[in-house]
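>>> kindly return the folded structure for what I paste below:
(chains A and B)
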Amino acid sequence: MEPMKILLVDDEQEFVTTLAERLELRNMKVMIAMSGESALGFVETDPPQVVVLDVMMPGLGGLEVLEKIKAMNSRIQVILLTGHGATKDGIRGMQLGAFDYLIKPIDIDELIKKLNEAVKRMP
Amino acid sequence: MDHIKRKEAAFFGRITAGITHEIKNVLAIIQESSGLMEDVLDVTENNAFPHKDKFIKSLDRIHRQIQRGIDITTSLNWFAHSPDRSPASLDLNETAQQMVLLLSRFARLKNVVLETSPSDPPIVITSDPVSLEMALFESIEILLKAINTGGKITLSPRKIQNKCILGIGYENTVSAKEDFPAQISSTERWASLQETMAYLGGTAKTFDPTPEILLYLPESIDD
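So this is what the prediction gives:
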């Protein structure tokens, strides 16, 4: 079976690299982008199955990136990461086509469950 | 509250909310890093790592403290957003629960446990969040000052004869200081609480011999 292909997008480098290592230990193929602009580059050249996308980033914000990803490739599933007190961003994201949202700091088991569900949802 | 005071409260709130997001990011990194250590330990043979059990215990402690940090910053974030909107629709169970998390340290300094006894169904009122939180803080401060060490303070929202009440009651196996109502009603803190309650359109009363402070609140601040 092909490993699941994930793109992690977050401007917190230490968070994103450590999370990537944890997912790789679970046999997933993980790419990292530290900005919305860089994430869109990956979507164009090496599209992932699921994007895990932080909502609060400098430059292009998460919701803006989500809209662009969906316009470029609607098959890609997006899971948003929001902060507490920002659940309205998560709900808005789902209205824009996100698969789901998680509140940071995240629970790895919950993330993996959502990733599996998201891949099953792919058209 | 006059306009400039409101702007000040909103300013403090925005800065604090921003900082809580930063702290959450720090906690997220610690969580993932300790989680990665746990993942690596899971795939390491016991005999290849002589002190594996000690590492597992330490990681467990780190996880518990991360969760504690998350709970505290979540409450602080909730508190920081209080000035965003007034009047606002407030669930008294939620307000009591969040204030318990925020004020537990003040109580712990007197060996007092803070807890809530939620109402069922929840009571929702329209009020000013900052002033209501301040009234709760002032009530707890008054009780802590008046009581002996130990015991517990319970925040219990309830509705009696269509009146919304937030009770702040004290219980201890050792009796509280004598003449509780007379003792607190002459203090500056009590006058300050009454001022806050008047702004909220309500009033504060003491109830003996529990002792308990009862905050009578209107269903809507505009009533």
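>>> which parts of chain B sit against chain A?
Counting by C-beta under 8 Å from any C-beta of the partner chain, chain B comes close to chain A at B:17, B:20-21, B:24-25, B:27-29, B:31-33, B:35-36, B:39-40, B:43, B:66, B:70, B:73-74, B:77-78, B:81. Every C-beta, even on glycine, is put in place using the N, C-alpha and C of the backbone.
>>> buried subset of those residues?
B:17, B:20-21, B:24-25, B:27-29, B:31-33, B:35-36, B:39, B:66, B:70, B:73-74, B:77-78, B:81 (16 or more other C-beta atoms under 10 Å in any protein chain shown).
>>> and residue A:11, that one's in a strand?
No: the assignment for residue A:11, made by DSSP: H, G, I helix; E, B strand; the rest coil, is coil rather than a strand.
>>> could you measure from it over to residue A:25?
From residue A:11 across to residue A:25, the span is 23 Å (C-beta to C-beta, to the nearest Å).
>>> one more: residue A:39?
Counting by C-beta to C-beta, the gap from residue A:39 to residue A:25 is 23 Å.
>>> out of the two, which sits in the busier spot?
The neighbour comparison of residue A:39 against residue A:25 (other C-beta atoms under 10 Å in any protein chain shown) goes to residue A:39, with 28 against 13.
>>> what's the most centrally placed residue in chain A in contact with, if anything?
Nearest to the mean C-alpha position of chain A, counting by C-alpha atoms, centre = their mean, stands residue A:52 at 1.2 Å. With contact set as C-beta atoms under 8 Å, 6 or more residues apart in numbering or on different chains, residue A:52 has these partners: A:6, A:7, A:8, A:9, A:10, A:78, A:79, A:81, A:111, A:115.
>>> skip the chain neighbours and tell me the closest residue to the second one.
Sequence neighbours aside, residue A:48 is the residue nearest to residue A:7 in space, at 3.9 Å (criterion: C-beta to C-beta, 6 or more residues apart in numbering or on different chains).
>>> count the residues that sit near that neighbour.
Look at residue A:48: counted by other C-beta under 10 Å, it has 24 neighbours.
>>> for stretch B:204-223, what is the average pLDDT?
The average pLDDT for stretch B:204-223 rounds to 85.
>>> buried residues in that stretch?
Neighbour-count burial for stretch B:204-223 [16+ other C-beta under 10 Å]: B:204, B:206, B:211, B:212, B:213, B:214, B:215, B:216, B:217, B:218, B:219, B:221.
>>> and the residue nearest the centre of chain B?
residue B:99 (1.4 Å).
>>> need the nearest residue in space to it, chain neighbours excluded.
Nearest residue to residue B:99 in three dimensions, chain neighbours excluded: residue B:136, at 4.9 Å (C-beta to C-beta, 6+ apart).
>>> could you point out which element follows the helix or strand where the one you found lies?
Taking DSSP states H and E as the definition, residue B:136 sits inside helix B:129-146. Downstream of helix B:129-146, the first helix or strand assigned by DSSP H and E is strand B:152-160.
>>> each with direction, which strands does that following strand pair with?
In the sheet, strand B:152-160 lines up against strand B:113-116 (parallel), strand B:163-171 (antiparallel) (DSSP bridges).
>>> so which bits of the helix or strand following the last one are buried?
Same thing as strand B:163-171. Downstream of strand B:163-171, the next assigned helix or strand under DSSP H and E is helix B:180-185. Judged by neighbour count (16+ other C-beta under 10 Å), helix B:180-185 contains these buried residues: B:180, B:181, B:183, B:184.
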